[in-house]
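Engineer: Here is a sequence together with a model predicted from it:
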Amino acid sequence: LGTLLRTAEVTGVHGVLLNIDSPGGSAGGSEMITRAAQRLREVKPVVAFVGTIGASGGYMLASAAEHIIAQPSALLGSIGVIAYRPLVYDALSRLGVRMDVAKSGRLKDMLSPFREPTTEEKAKEQELLDDMYNIFVEGVAQARHLTSADARALATGEVYTAGQALKHRLVDG
């Protein structure tokens, strides 16, 4: 991230090629590096190249570039957000392990793996995912010059081959 931003200050660098090979990562981390690439794009041309995979957060980063080029066999897209929470309370119970929780608010441990989530907690978690999803989809729509509806139609979480992505305007070549 720091290297990306320092690149903007180097006078001998006339543009930046982002060589992306990523299935994604955390929503926050992906957004942070994407915003850094967007700031870099304000002062230097930025092109993304996807050789094998640019999915989820990897595609979010690619969409920050002025142009996205992909190898024909590359997989791109996976526009969406996912959260995992292993529920270990049954295994711990079989081992005789119990959890005692002290908390300051009823939702403080809403992502706890030590018990089944409540209906309210599931709804709150879905709200968080929906908000992150909207940030991702609207960012892709703006960056790729798509309508919000077109971006949402492509944001099913699926990956596309480079040829399919080109047809859907997710890449430039």
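Structural biologist: Thanks, I have it. Since the structure is predicted, the reported quantities are computational estimates derived from the model, not experimental observations. Numbers count the residues shown, from 1 in each chain.

Engineer: How much space separates Asn79 from Ala151?
Structural biologist: Quick fix: residue 79 reads Ile, not Asn. Computed as CB to CB, to the nearest Å, the Ile79 to Ala151 distance reads 8 Å. (Each C-beta comes from the backbone N, C-alpha and C, glycine too.)

Engineer: Let's test this: what are the backbone torsions at the residue sitting nearest the centre point of the chain?
Structural biologist: Compute the mean C-alpha point of the chain, and by CA atoms, centre = their mean the closest residue is Gly57, 2.9 Å away. Dihedral angles of Gly57 (phi, psi; degrees, to the nearest 10) stand at phi -60, psi -30.

Engineer: Which strands and helices lie in contact with the longest strand seen in the chain?
Structural biologist: Secondary structure of the chain per DSSP state E: the longest strand is strand 46-55. With contacts taken as 3 or more CB pairs under 8 Å, 6 or more residues apart in numbering; DSSP states H and E, strand 46-55 sits against strand 16-22, helix 57-62, strand 67-70, strand 75-77.

Engineer: circling back to that earlier point, these two touch, right, the residue nearest to the centre of the chain and Gly28?
Structural biologist: No - using CB atoms under 8 Å, Gly57 makes no contact with Gly28, being 9.5 Å away.

Engineer: can I assume Leu40 is in contact with Ala48?
Structural biologist: No - judged on CB under 8 Å, Leu40 makes no contact with Ala48 at a distance of 11.8 Å.

Engineer: Those two: who's more crowded?
Structural biologist: Ala48 (26 against 21; other CB atoms under 10 Å).

Engineer: what number of residues lie near the nearest residue to Thr118 once chain neighbours are set aside?
Structural biologist: Leaving aside its chain neighbours, Thr118 sits nearest to Met110 (7.9 Å; criterion: CB to CB, 6 or more residues apart in numbering). Neighbour count of Met110, defined by other CB under 10 Å: 17.

Engineer: quick one, what contacts Met110?
Structural biologist: Pro117, Thr118, Glu121, Lys124, Glu125 (CB atoms under 8 Å, 6 or more residues apart in numbering).

Engineer: Gly51 versus that one, what's the distance?
Structural biologist: 39 Å.

Engineer: Cheers, nothing more for now.
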